[in-house]
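>>> What follows is a predicted structure for the sequence shown.
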Amino acid sequence: MVSGVNTLRLIRLSDLSHAEYADASIVRTDSETVFLAGVCPLDAQGAVVALGDIAEQTRRALHNMDVILERCRVALDDVAFLRILVATDRSEDLGLAWNVVREHFGSHEVPATLQGVSVLGYPGQLVELEPIATRSPR
């Protein structure tokens, strides 16, 4: 168990690949599941930050995600799955976002999907995160 609330277990299959993320997560059914809406790289005024900069937009979206998780009383290690959307058709751009995410999560190898998309909701938005987490019931 990696989580402080002991509800999440990550599965990493080293014989399958040497990827820098877990292949699956197992969540006990006695926990609550926390679904976050798409987390965008917005500032306090609702404007997209760092136009044209995938890495910086990823950092801001991660910051916003951390704030939401904290308000939901969820630790970063309790994130069971993360979808990372990047408005690009270049694998190099996907790698930029992924490197920022890996650094942010540290030793928690959250199972993730990294996906290139054609457009996101706000003008100039290049990154969006979709985390799913667990927590102990209240």
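It's in.
>>> and the residue nearest to the spatial centre of the chain, what does it touch?
Central residue of the chain (C-alpha atoms, centre = their mean): Leu82, 4.0 Å from the mean position. With contacts defined as C-beta atoms under 8 Å, 6 or more residues apart in numbering, Leu82 is in contact with Val101, Val110, Pro111, Ala112, Thr113, Leu129, Glu130, Pro131, Ile132. Just so you know, the C-beta spots here come from the backbone N, C-alpha and C atoms, and that holds for glycine as well.
>>> what about it, which SS state?
Of the three states, Leu82 takes strand under DSSP: H, G, I helix; E, B strand; the rest coil.
>>> Could you measure from the residue of the chain most remote from its centre over to Asp23?
No residue in the chain sits farther from the centre than Asp15, which is 24.7 Å out by C-alpha atoms, centre = their mean. Noted for Asp15: a distance of 11 Å to Asp23, by C-beta to C-beta, to the nearest Å.
>>> where along the chain do the helices fall?
54-71, 91-105 (DSSP state H).
>>> average model confidence for the first one?
The average pLDDT for helix 54-71 rounds to 97.
>>> Centre of the chain to that helix, how far?
In this view, helix 54-71 has its centroid 9 Å away from the chain centroid, taken as C-alpha atoms, centre = their mean, to the nearest Å.
>>> do the same with the last one
Relative to its parent chain, helix 91-105 has a centroid offset of 10 Å by C-alpha atoms, centre = their mean.
>>> What is the burial count for Val67?
Val67 has 11 neighbours, counted by other C-beta atoms under 10 Å.
>>> for Leu120, that is, sorry about that
Neighbours of Leu120 under the rule other C-beta under 10 Å: 19.
>>> so how far is the first residue of stretch 41-57 from its last?
Here the two ends of stretch 41-57 are set 5 Å apart, with distance taken as C-alpha to C-alpha, to the nearest Å.
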